[in-house]
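Asker: let's see this in three dimensions:
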Amino acid sequence: MPSRRAEIALSEAERRELIDSERIVAVASFGPRGWPHVMPLWYVPRDGEIWIYTYAKSQKVRNLERDPRATLMIETGHSYLELRGVEIEAEAEIHRAPETVLALAKEVTVRYSSGIESVDGDAAAALEAQARKRAAVRFRAVRVASWDHRKLGGKY
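Answerer: Next up is the predicted model:
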């Protein structure tokens with residue numbers, strides 16, 4: 001008989017749908033004193049992986065430079081029986097190449113701006129200027145856990 005945890009796990013397709021549809025990922029890294037440092041961030045899903053765009057000198061980047069391990073969580077739902085989410089233990093890769101950072105900046109802009117399908121002109125120039133101070137971070141999954149309490153059938 002499968003465990004209750006296995007019964008509520010998301011399938012690969014359900015995980016991708018959740019990652020593609022949600023807008024905030026909580027990223028936990030190890031702070032300078034060893035305590036978890038958790039930040040909510042916008043992200044771009046690329047082939048099932050999570051990428052973030054942030055300031056290169058931010059605390060989260062300094063943490064990931066020191067220790068590339070991070071835990072990410074994407075969750076949705078209001079009541080217990082609506083909760084579904086994914087937790088990803090990952091290793092971070094920090095990218096500083098301007099073309100990589102700029103490409104991600106454009107993806108973030110398109111993803112989080114309603115009605116924009118591409119970034120060009122003055123907006124592209126502004127992102128290019130910002131890219132020098134930013135970093136792109138790719139999170140490669142090591143372990144994934146997921147849940148969908150809707151699969152409980154109304155029972156706790």
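Asker: ok, what's across the strand from the spatially closest residue to A56 that is not a sequence neighbour?
Answerer: Counting by C-beta to C-beta, 6 or more residues apart in numbering, A56 lies nearest to A135, which is 4.2 Å off, once chain neighbours are set aside. C-betas here are computed from N, CA, C, even on glycine. Beta bridges link A135 to T54, judged by DSSP bridges.
Asker: tell me, how many residues neighbour A135?
Answerer: 23 (other C-beta atoms under 10 Å).
Asker: what's the answer for M39, then?
Answerer: 15.
Asker: K60 too?
Answerer: Using other C-beta under 10 Å, K60 has 22 other residues around it.
Asker: quick one, what contacts it?
Answerer: By C-beta atoms under 8 Å, 6 or more residues apart in numbering, K60 lies in contact with V27, S29, H37, M39, T54, V137.
Asker: so the first one sits against P36, correct?
Answerer: No: counting by C-beta atoms under 8 Å, no contact exists between V27 and P36, whose distance comes to 10.2 Å.
Asker: for this structure, what spans make up the strands?
Answerer: All strands of the chain, identified by DSSP state E, fall at 25-30, 36-41, 44-46, 49-55, 69-76, 84-95, 134-148.
Asker: mind listing what's buried along the third one?
Answerer: For strand 44-46, a neighbour-count test (16 or more other C-beta atoms under 10 Å) marks V44, P45 as buried.
Asker: return the distance of it from the chain's centre.
Answerer: A distance of 8 Å separates the centroid of the chain from that of strand 44-46, by C-alpha atoms, centre = their mean, to the nearest Å.
Asker: the first one now?
Answerer: The gap between the average C-alpha position of strand 25-30 and the chain average comes to 9 Å, counting by C-alpha atoms, centre = their mean.
Asker: what's next to it, contact-wise?
Answerer: Contacting residues not belonging to strand 25-30 are listed as 36-43, 50, 52, 60, 63-64, 66-67, 69-74, 92, 139 [C-beta under 8 Å, 6+ apart].
Asker: who does that strand pair with, and is each partner parallel or antiparallel?
Answerer: By DSSP bridges, strand 25-30 pairs with strand 36-41 (antiparallel), strand 69-76 (antiparallel).
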